[in-house]
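Got a sequence here, can you model it:
(2 chains)
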Amino acid sequence: MDLLLATFPLLAPLSLGLVTLLSVREPGPLHPSVARASRWAGLSSMAVAAGVALRVAVAGPVTSPLLGVAGIGFSLRLDALSVVMLSMVSFMAWLLLRYSENYLDGDPRHGRFMGLLALTTACVMLLVLSGNLLHLVVTWTATSLVLHRLLLFYPERVGARVAARKKYVVARAGDVALAVAAVVLFRAFGTADIATILGRAETIQAAPAGLGIATLLVALSAILKSAQFPTQGWLIEVMETPTPVSALLHAGILNGGAFVVVRLGGVMLLTPPVMDLLLVVGGFTAVFASVVMTTQNSVKVALGYSSAAQTGFMLLLCGLGAFPAAILHLVAHSFYKAHAFLSAGSAVEVFKGGRRAPATAPPLRTILPGMTAAVGTVALMGVAVGIHPWDRPVDFGLATMLAIGLTQLWSRGLEPFGSYHLVARTAVYAVATSLAFFVLDAGAIHLLAGAVPTHVPTSPATVALMTVVVVVFAGTVVTQLRLPALIRSPRWAALWVHLHNDLYANVLFDRLVGALRLRAVTPLTRETL
Amino acid sequence: MPETTTHTWSDTPRSQGTLTLPGPAGTTSFRSDLEASAVLAAVERAARSIPPLWPLESFVAVNPFLGWVDRDLDEAAQGIQRAWGSRPHMSRDFYAGHIASGRISDRHIERALEGARARRAAGASWDDDPRDLPSDADALRRAAVEPAPEVRVLPTVASVASDVTGQDWARWVTDHVSAWASTYFDRGQASWPCPWAHQTPWGAWKAQMARDRGPELRGVVGFRDTVAGLPDDAEVALTTMAGELGLEAEGVQPYVARLLGTVLGWTAWVRYLVWEAELREETDTRLTEMAAIRMAYDVALLRGAGADGVREAWSRASVALTEPTSSEGEGDAQVDLLLHEAYELAFQERLLKVLDRDDGEDAHGVGHEDRGSAESRRDDVQAAFCMDVRSEVYRRALEATGDGVRTIGFAGFFGFPIEYVPLGEDSGSARCPALVAPRFVITETTGDPGGAAEQEVTRARRISQAVSDAWLSFKLGAVSSLSFVGPVGLAYIRKLVSDGLGLTPRRQKPASLEPRLDFRNQSGRKLGMMLIERVDAAEGALRGMSLTRNFARIVLLAGHGATTVNNPHASGLDCGACGGRSGEENARVAARALNDPGVRLELMARGIAIPRDTVFVAGRHDTTLDQVVLLDEHLVPAGHAEDLEVLKVRLEEAGRVARAERAPSLGIEDDVDRRMEKRTRDWSQVRPEWGLAGCAAFVAAPRARTRGLDLSGRVFLHDYAWEDDQGFDVLELIMTAPMVVASWISLQYFGSTVDSRVLGAGNKTLHNVVGALGVLEGSNGDLRVGLPWQSVHDGARFFHEPVRLNVVIEAPRDAMSRVIESHPDLRNLLDNRWVHLWAMDEHGKVTHRYAGDLEWMAA
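As a prediction, this is how the structure comes out:
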């Protein structure tokens, strides 16, 4: 019975696998059987996720019996973390399969697309359910290999091949890093069962020998998986394949890195320098990629940089030991980014509706009140909710980052007419956002307590690094507000050129993989796709 | 077409003969005998072969062959292949399939060959064509199953360097130009925009490239030095570079045409900017600058592509630039075009059969009733629609609701070329055909101009705008976007569910209030329309649609628009005659003008007596839903309330019938109304409606000629009664405006069908909106022109039949000939076989086809 209950979650990936099986028989135009199966698979995955959530809520976390030998093999870990991830991925599976039903209509390989999409989401589900290191490494690699097929859905596109090749290089490096890390972890803890490892990590005083290598490699594979600087090149080019794949990648798979770090959070904590490395790499990419994003000119490429930045922010949160916040960010970003991609065709309407880049910079005397208002809003809401952000340095840091973001909103909200309606409506948005921030943060900690480390003590070094990040964040926002007044000066213009080219990281990556050696296969015309 | 060439190269002061170039150390300097003025003239001619590309927010259909219509189709086909690597015909297996299925029969092939022989004999095909025609039908049929000869595209240094080095420099150049252009022309995507966007393209490009280390890291040695060493003046630079490239004078035009063909989309965008500038009668050199920019890459690669062989290979390859176009063998499209001709002949046979209503009705005088004999019963309703092919289905359905309805086809802007400015905004958008500039600025009003209500609305809109701008800057800003996602991101699950299930209600545009017509001068800007202007426009509209007597009690003017979501090409489904926008504002303005007692009084003096009880009512025809709603009902007098109710019932009924007719083509079998409505809200729908796909003919004749015929939504219908057309002014207007617009639309669909890669926008599932103005396919490559593949193909077959437009006009042939003779652009279109023209006689029979050179032959 226990076995049955513990393996019940497998129904979710299995139902999606069924879609893949059907699609092998019907790879062409969408066959009703594939369409029906994909709808049911999406819905049943969500039902399964709900069932698992219920079980974990009632009976607590559990690891399924192992399929394997000597403690190495395949098992499912069911706890708050995997439930949250499974629920999110099931929802994405349903959403994306449903979207693709009409979106790919008329594509001569519509069936194959549905099958690959289902298979990829099934792999991600198995990944987030990992209970054993071998399971983790295998599903991690499998996800990436299946995704590779999707990235090459139009193999005749040179751009698709270049992007897939870059992704391939980065992903294999990540795979190797994670595999080696798994071996080292196994040797250090004498088991491959993740829950057991985490349990032991909690109790040991000093890190076992060689653990630093393991956590460093985990961090490295997470960094590679998350398209952190300077390997982001593949991520911003993968829109060479239909939009739902971009949505899946940015909202589902890119998170893999942050997920693994959080999953192994208890172990990662044992090596503070590795945590600080995540903080630094994540923090740098967060700022760098989000600035580069503002220089980009196409919707999907801008979204690509945005994803790199957001994933960087997740790693930054991991580095700070704020694992619940990282998972909250991960889930929220998935929904946000899936919607952004799937509705990317609305860009024209958005501009028709009058989105305008501000032509003038607000003067400093507007920015300062904006900053004050932002800090005030955040502080007041924190107090209102009964949270005192200054109690713990990390919480204080995160609240400050929110205030820095809201400075952007407030400076614009106080700016143009001084109309009190405008101020009032800006205040409503700012208050709601701050309130949501505190409530959700507390909620995430409450929900994930037990599954991931909460209230991690912060070392002075980490506080120092965080302070640097906060200052850079603040500087970036103020500079951004002042930008219209700066852009034409020669220095800023030159900086713009380099940033627009993402500091040439992608050009070098192109050379590395021999991008130009790939020649276009151009039939004079494509009668069918 | 505004062919106001504002560039006068001959008097350029810089044309000073021979130039000798300072080449970088170690490279050969070419001595050039190129005349600067000749180079610039050639560049200008080459640039004009690129068609304009309208922005996505007003995606007007454009004839992709616009720059080639001055050449015979056969000759143009070679040019198009050499310059763009494209073709104005389908692949051979398409025709072979139709031959096999019997759709193209022997007689069509025979006749296609006969036609070609006749053209040869008449010397109508291009000069000194040395090629032999296929000897007989069998030979042509055999050729259909043979592989087509290889494509012959002219070389560029980039393509030569690709061959020599094995690195795809050609692709790199296109990507690099495209990346630059997307920064420079960006209309609002990037919040940290290009710092040089205020300069002209050449200067901006030079400034940016002088700092861009990318090309050198990519392997182009000395790129920044090369750029820095180029003259600051684009025109001087062109001559300099042409010299370094060793071009011969006659090679410049084909070479530049090819260069621009490698960045066709962005050049088309520049061509659009120039087009708009020229409508405003401004001079614009941006096309020339674009050519200079692209040429600079060739120079940079010649110097720095890293292989000694490039220079040598280029000097060998560039010989092709000056070879005659008509050499036999490779790149020859003659067979393909003959096959295409046979394919179209088969289509025309069907078309003429449908149009030939040999039911003896004419003997009873269909025409006479329509031409207004006094005894005929007065119509209850006259309903004018846009000539758009989609109206045909609806009009037929409306007429079938019973007697007393007469429908009329006219250009959808109803003769009112306006710019419409919503309240709270400073400028508006043009609501008129691309061929003309808007003449009147119409502002939106609440009904109390300048009053409290209006100020309140204005203020509310501005505040909403400011709040939304502030929120977006938080959501999309550097760093702030990181703080945004955590607290707000989860809320997107609601949107995902709602959009995913199609529950999101259709986005209602902020209900437009009322158009304000009264003339006033506001800080130097003329707003509204003077009485005389309203009268002129009203008269033009009525005469244009041949509606000058026998007015019904209600005359409906139905503008049209489409309803789709998440569709970058949405405006392509709106009214092309209204600048790619919904036509309702034009209809509302026209109805107001025509109901104006002052206007009617004046019209009376001009011989158009509108009865006192005739009311013009504006409406909106939603083409996705096939639904017509009436607008401004409050302006209709109470006495007409009953007529209005009757009309509404009929419109409702017509909508149902029209939807049922269209449903099968969208794969809808049952529950038609609900499913069709759902389509308008489905964010994953790539074919919300078929638009104008299938358009194949244009008929300008009284509706009686086509009434009752099932034209399957494939024919543009423009009402025209030539007996009422003194001096044939209306005929001239129809042939030079609506007919040309229809040809643009038809050739856009044609181009997107025959070559989705170059002339179409490719695969919609890969589209990536760039610069808020166009789409890329994927992450890079050139800006895409034309229509997505999904708009012309249903997955199993091409939904659009690629035929050139068949124009059928009921008018005396000599009158048409006179119009053709006096309009060179129109004459090009017809004589060079881009459009077919047929003459209908006074009995409604299509008797003659235009054979070119002002000749007619029996059909």
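
in what helix or strand does B:Gln385 lie?
Actually, residue B:385 is Phe. It isn't Gln. Using DSSP states H and E, B:Phe385 maps to strand B:381-386.

That strand - what's its average pLDDT?
In this model, strand B:381-386 carries a mean pLDDT of 97.

Now the element after that strand, going C-ward?
helix B:389-399.

List the contacts of the residue of the stretch 401-529 of chain A found nearest chain B.
Residue nearest to chain B within the stretch 401-529 of chain A: A:Gly405 (2.7 Å; C-beta to the nearest C-beta). The C-beta positions use only the backbone N, C-alpha and C, and glycine is treated the same way. A:Gly405 makes contact with A:374, A:477, B:474, B:477, B:479-484, according to C-beta atoms under 8 Å, 6 or more residues apart in numbering or on different chains.

hang on, the earlier thing: which other helices and strands does the strand holding B:Phe385 contact?
Judged by 3 or more C-beta pairs under 8 Å, 6 or more residues apart in numbering or on different chains; DSSP states H and E, the packing partners of strand B:381-386 are helix B:389-399, strand B:405-410, strand B:554-561, helix B:641-662.

ok, is the third one in contact with chain A or not?
No. Among the residues of strand B:554-561, none lie within reach of chain A under C-beta under 8 Å from any C-beta of the partner chain; the closest is 13.0 Å away.

taking the mean pLDDT, what do you get for that strand?
97.

so what strands line up beside it?
Strand B:554-561 has the following strand partners under DSSP bridges: strand B:381-386 (parallel), strand B:615-622 (parallel).

Which one, of those, ends up nearest to A:Phe8?
strand B:615-622 (49.1 Å; C-beta to C-beta).

Can you name the residues of the stretch 101-250 of chain B sitting close to chain A?
Contact residues (C-beta under 8 Å from any C-beta) of the stretch 101-250 of chain B with chain A: B:148, B:151, B:162, B:166-169, B:171-172, B:182-183, B:186-196, B:207-208, B:211-214, B:217-219.

Okay, now the unreliable bits of the chain?
With no chain named, the answer covers chain A. Scanning chain A for pLDDT under 70 picks out A:1, A:351-359, A:389-390, A:415-418, A:520-529.

my bad, chain B
Looking at chain B by pLDDT under 70, you get B:1-33, B:124-131, B:325-331, B:358-376, B:507-512.

Looking at it, which helix is longest?
helix B:452-476 (DSSP state H).

Spatially, what comes nearest to residue 470 if we skip its sequence neighbours?
Going with chain A. A:Thr400 (5.3 Å; C-beta to C-beta, 6 or more residues apart in numbering or on different chains).

oops, I was thinking of chain B
Per C-beta to C-beta, 6+ apart, closest to B:Ala470 is A:Arg412, 3.5 Å.

what's the span of stretch A:2-15, first residue to last?
For stretch A:2-15, the first-to-last residue distance is 21 Å (C-alpha to C-alpha, to the nearest Å).

err, stretch A:67-80, not the other one
22 Å.

Kindly report the same for stretch B:851-859.
10 Å.

Show residues contacting that stretch.
B:119, B:122, B:124, B:352, B:813, B:817, B:820-821, B:830-831, B:833, B:838-839, B:846-850.

and stretch B:515-528, which residues are buried?
Neighbour counts over stretch B:515-528 (16 or more other C-beta atoms under 10 Å in any protein chain shown) mark B:515-517, B:527-528 as buried.

How about residues contacting that stretch?
With C-beta under 8 Å, 6+ apart as the criterion, stretch B:515-528 contacts B:420, B:440-445, B:449, B:529-531, B:533-534, B:585, B:588-589, B:592-593, B:596.

if you look at those residues, which of them are in strands?
B:420, B:440-445 (DSSP state E).

From the residues you listed, pick the one nearest B:Met241.
Using C-beta to C-beta, the ones in strands among the contacts of stretch B:515-528 come closest to B:Met241 at B:Val441, 43.7 Å.

hey, what's that closest one bridged with?
Residues in beta-bridge contact with B:Val441 (DSSP bridges): B:Glu419.

try B:Val405
With DSSP bridges as the rule, B:Val405 is bridged to B:Val381.

What segments of chain A are strands?
A:62-63, A:67-69, A:72-74, A:77-78.

number of nearby residues for the residue of the stretch 701-850 of chain B found nearest chain A?
Residue nearest to chain A within the stretch 701-850 of chain B: B:Gly795 (2.8 Å; C-beta to the nearest C-beta). Using other C-beta atoms under 10 Å in any protein chain shown, the number of residues around B:Gly795 comes to 20.

Checking the residue nearest to the spatial centre of chain B next. Helix, strand or coil?
Chain B has B:Ala61 as the residue nearest its centroid, 1.6 Å off, counting by C-alpha atoms, centre = their mean. The three-state label given to B:Ala61 by DSSP: H, G, I helix; E, B strand; the rest coil is coil.

if we can go back for a sec, quick one: mark the members of the residues of the stretch 101-250 of chain B next to chain A that sit in strands.
Among these, no member falls in strands (DSSP E).

Quick one: buried ones out of those?
Buried among those by 16+ other C-beta under 10 Å: B:148, B:151, B:162, B:167-169, B:171-172, B:182-183, B:186-196, B:207-208, B:211-212, B:214, B:217-219.

related to what we said a few turns ago, didn't the residue nearest to A:Val470 look like it was pressed against A:Val469?
No. A:Thr400 lies out of contact with A:Val469 (C-beta atoms under 8 Å); the separation is 9.8 Å.
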